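*Asks:* Predicted model and sequence below, questions to follow.
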Amino acid sequence: MKSLSFYLGMALLFTHELDSMPNHEWRVLPLLRSLSDSVGETVFVIAHVPIFALTIAYVASLNENTRKLARDIASGFFVVHAVLHVLFSGHPDYEFSSPFSSFLIFGAALFGMAYFLSGTIKATGSQG
């Protein structure tokens, strides 16, 4: 259950990043919003290449400790990312208003929480 929660959370977050393009996410990010649209979009996309490469490499690491730590951090980010969307939702350029966008953002957060809860339930169950 823990791995499934992680993989679904990661899939929803990655799909959200596809959805971020038509919603112009770079327009609300502090470091990118001052750039022209074409430059901001390009920087936003290019920045995701190393982010995705490192994320995939670490969450799939053959080293069990590295893999677990990376999955814990990523799952925590799924939740923090949703909180950031709530905080940025008042920005005039925030465009993530569709139910589909909300499903991707908050679905990832729910699976991030499920990831941690499944570890807690498993740990609690094994102590009894």
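*Replies:* Perfect, thanks for sending it.
*Asks:* switch to C-alpha atoms for all contacts and neighbour counts from now on
*Replies:* Noted.
*Asks:* Remind me what the helix or strand hosting residue 4 packs against, helices and strands.
*Replies:* Using DSSP states H and E, residue 4 sits in helix 2-19. Packing contacts for helix 2-19, counted by 3 or more CA pairs under 8 Å, 6 or more residues apart in numbering; DSSP states H and E, involve helix 64-88, helix 99-127.
*Asks:* can you tell me which of these the model trusts least?
*Replies:* Lowest mean pLDDT within the helices and strands packed on helix 2-19: helix 99-127, a mean of 86.
*Asks:* what angle sits between it and helix 64-88?
*Replies:* 140 degrees (axes from the mean of the first three to the mean of the last three CA atoms, to 10 degrees).
*Asks:* what distance separates helix 99-127 from the centre of its chain?
*Replies:* Distance, stretch centre to chain centre, for helix 99-127: 13 Å (CA atoms, centre = their mean, to the nearest Å).
*Asks:* hang on, the earlier thing: list the buried residues of the helix holding residue 4.
*Replies:* 2, 5-10, 12-14, 16-17, 19 (16 or more other CA atoms under 10 Å).
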